[in-house]
Every structure is written in C-alpha cells, then in structure tokens.
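J.: sequence below, structure please.
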Amino acid sequence: MTIAVLDIIDSNLQLWHGNSALQSPGYALLAGKQYQFGNDARASARLQPRNINTRFWWQLNTEALQPALGSARHTADLAHAHLLDIHQRGEAPAELILAVSGSMQREQLALLLGIIEQCPFDAVGLVNRSVVLASLHGGPGRLFHLEIQLHQALVSELSESNGIVELQRSVPLPGCGLLQLQERLVEIIAAAFIRQTRFDPRRKADTEQALYDNLPEALRQLRHQGETNIEVNGYRARINRGELLAAGQRLFDSAPEAMGVLRADDRVLLDPLAALLPGLEDQFDTAELLAPEALQQAIASHESQLVQRQQALTFVTALPCLAQPIDPDTPAPAEPPATDSLVVAGPPPTHVLLADVARPLRAEGTDLGNGLSIYHSDGQWRLADGSSKAQVNGRPADEATRLSRGDRVVQADGTEAVLIEVLP
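T.: Modelled structure (predicted):
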C-alpha cells in the first residue's frame, strides 16, 4: 500500500500519491451553499472578495468565524473541508504522512490531528517540513529554510550534529506573505499599465483578477529574461524585472535580520515559490533553490522512521542527514579542470537563449548587448565583458570564465542569457 505525502503550507498545499501530484493553495470560496478550494477559489479571489477566506490554515482554531462564511463555524471546519477536497481529488489514499510548517503551534497540531480523525484516511506520520528539506543537505554550517506562506514568511534555523539534522528555531516574518508580496507587485505593474497605456487594470474586478492570474507566468519569464509583456483586456504593458525589486524590500530586510550574520559555510534553502519573487535569490550568497519534488523524495527516504501506526503521533523535528558526509580517509578524486559552469561534461553549447530567441554562437563573437559578448578561444567559449558587470551562475565573471551548456549569464540590469544546445 502506497503512503501518500501531504505538504501543509497554506500558500500551496501539495499531495503526492503514487505517480500523481496535486496542488491546492489555501483559498476557500463560498459558491452558493457549497465551498470551492484551491486554484478554483483563487481564480475568484478578486471577483468575490467577501466570499473568500485565506486565513483558515494560518489561524487554525475553533473560535467563531469572523466574518461568517456559509455553514462553517470556525476555521477548523474550513480546514476539514479542504482536506476532504484534496483527499477526494488526490485518488483517496488510505494513509498520509503530514509535513507541516514550523509556524503551526502545539494546540494547532493537536487540532489538526483531531480534524483528521474525522476524515476517511489515517495520518501515520507527522514531521516538520523544514527538517525534511534540510535533511537533503549536510555540512558543518547552519542551514536556514525560508518559506513564504500566504500571510507571512517563516525562517527556520537548523543544524547538523553527528549526522542528525535538527530544528533550532522558527521566526515568523509578518507582512512578508505571498498575498502582501502579490499586492505590491500588482501595484507596480498596474502603474506601468497606466504609464504606458493609460489603462488601469485595477479599476474593475474582472481585469484586476486577470492581472493576478497573469502574474505567476510573468514572474517565471522574468527569472530568465530582463523584460516581459503582460496583457490584460487587450492592453499590453512591458514590465522590467528591475522595476519589481522594490516589491520584496520588506522581505529582503526582514529575512537577513532573522538569520543574523551569515558565515561562509551557512546556507539558505528557498522553496520553489520563493524563487518567483524578483531579487530574492540575490539577497544571499549561499542560496540554494529546492526542487519542487524535494520534500516528497526526502520523506520517501525517511518513510520507515516517520511511519507511526497504531500509536499517538510524535511531531518529528530531527532526522538523519541524507547528504553523504565526506570521509577524511577517502582519497580525494582527481580535480577536474577549473570551470564556473553548472554543466561540466557533455556537448558544448551551440546557441545562446536571449528572452525567447535562440541565437547561434559565433566563434568571432556573439553580442549579448551592453558591451557583453561570447567568443571562442583555445577550445572554450568565453565571456568578453566590455563594460557591464556580469555574473555566471550567480558568481562574478571575467574573460577567464569558461562557459558550458546550461550556464546562465546575468547582466547588471537583470537581462539573462542561457547557453543551450540546439539539436539538428
């Protein structure tokens, strides 16, 4: 029997069951006398703001719901209904391992387990999600995990000792949640629409909802290019990545303050959602972006230690480190040629991807703009940096930097180029 994994973070609850994965952010919409949850509810958040609740996971309790929302008496009723919805749409697994945020208090954990007792499935494991993710990374330094919830962000500090990764503390960052960040981003983008087209997408609920719906894809594009277009109601605005950096300033200030002075061997783990905020990865020299499937894979590796059938569940806040430690008696492998590339071996690049255009690499030089170009010398592709300060894979680059397939070259204005191979 396959044990499913439920990652409970209100900005994006995820259920993994077998080969399927389901995402359902913590939105509840009262539609008539029925509730809708997840992406369907989020799609009406600006259209029916009085019928939406996004606080039921963050403020999980049994106090009377204010304001009222249908037949739900309290946020626990909404959480129960959301769990039933996820369970039904996720092929109804019989057993679940729960990964929960460090911001969930002891009373809320007890209430969550009580809610699940009324559900048609069993919880057979309960673990802190930051501990699970940190167990994939070892090392002598401290680990910090930054997660962005709907109404706040959370910094969790972890450490490894004798092969065990353990939670040390969790610090909430008020005002740095996904909803606040989206509001600031939309405000900047709406100003760009007004400036460029004299159209204000926030004046009507349907165009404001369209702007929110287009935001995630625009942010994904801006991860790989300096500019993108957003179209709403037939109007199109050009958005520059640099213009959006101000939206995250409160988070940029609060997160380092919660972590303190970072040492050279400390690392910061970022949930995939955090990578969509322009400029966040640049705030930390040792930031590591977690893969979307990292939590599910780590729990699968720890499953025998996490499963607690026929007993009261213990909240797990320490796990063995899955990263392989370095044995000092093991001879060091031969050192590969020096490179700054993400991809050391394999075929060389043939093209450079700028925005959505792949340009062939030319030995005499391929212009990237701003005085930056790529040329071929001594069997290697190299960077000719005439005037702009560029980085390759997050590190400063110069003419000695060798380029390989998969490398990302980012200029000072945020413009990004990716070295790729185009097959015949």
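J.: as a check, name the ranges of all strands in the stretch 101-250 of the chain.
T.: Remark: strands assigned in the stretch 101-250 of the chain by DSSP state E, counting those that start in this stretch are 122-128, 143-148, 152-161, 164-174, 227-232, 235-240.
J.: average pLDDT for the third one?
T.: Spelled out, it's strand 152-161. Averaged across strand 152-161, the pLDDT comes to 96.
J.: quick one: buried residues of it?
T.: In terms of neighbour count (16 or more other CB atoms under 10 Å), strand 152-161 has its buried residues at Q152, A153, L154, V155, S156, E157, L158, E160. To be clear about C-beta, it is placed using only N, CA and C from the backbone, and glycine gets the same treatment.
J.: wait, which of the residues you listed is closest to A412?
T.: Set against A412, the nearest of the buried residues of strand 152-161 by CB to CB is A153 (27.1 Å).
J.: am I right that the closest one is in contact with P172?
T.: Yes: the pair A153 / P172 is scored as a contact, 7.5 Å apart, by CB atoms under 8 Å.
J.: follow-up on the earlier one: for L319, which of the strands of the stretch 101-250 of the chain is the nearest?
T.: Taking CB to CB, strand 164-174 is the member of the strands of the stretch 101-250 of the chain nearest to L319, at 5.7 Å.
J.: buried ones in that closest one?
T.: V165, L167, S170, V171, P172, L173.
J.: show me the shaky parts of the chain.
T.: 1, 324-347, 356, 378-379, 385-388, 394, 398-400, 423-424 (pLDDT under 70).
J.: which residue ranges of it form helices?
T.: Along the chain, the segments classed as helices by DSSP state H run 39-42, 75-89, 106-116, 129-134, 178-197, 205-222, 249-259, 294-306.
J.: hey, which of the ones you listed is tucked in deepest?
T.: With neighbours defined as mean count of other CB atoms under 10 Å, the helices of the chain peak in mean count at helix 129-134, which reaches a mean of 26.
J.: what's that helix packed up against?
T.: With contacts taken as 3 or more CB pairs under 8 Å, 6 or more residues apart in numbering; DSSP states H and E, helix 129-134 sits against strand 95-100, strand 143-148, strand 152-161, strand 164-174, helix 294-306, strand 318-320.
J.: now the buried residues of strand 152-161 in CSV, with distance to G371?
T.: Formatted as CSV, the buried residues of strand 152-161 follow (distance: CB to CB, whole Å):
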residue, distance to G371
Q152, 42
A153, 37
L154, 42
V155, 39
S156, 42
E157, 42
L158, 43
E160, 44
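J.: nearest to R223, of the residues you listed?
T.: Checking the buried residues of strand 152-161 against R223 by CB to CB gives A153 as the nearest, at 18.9 Å.
J.: where along the stretch 301-424 of the chain do the strands fall?
T.: In the stretch 301-424 of the chain, the strands defined using DSSP E, counting those that start in this stretch lie at 318-320, 351-354, 357-360, 366-369, 372-377, 380-385, 391-392, 395-396, 402-403, 408-410, 416-420.
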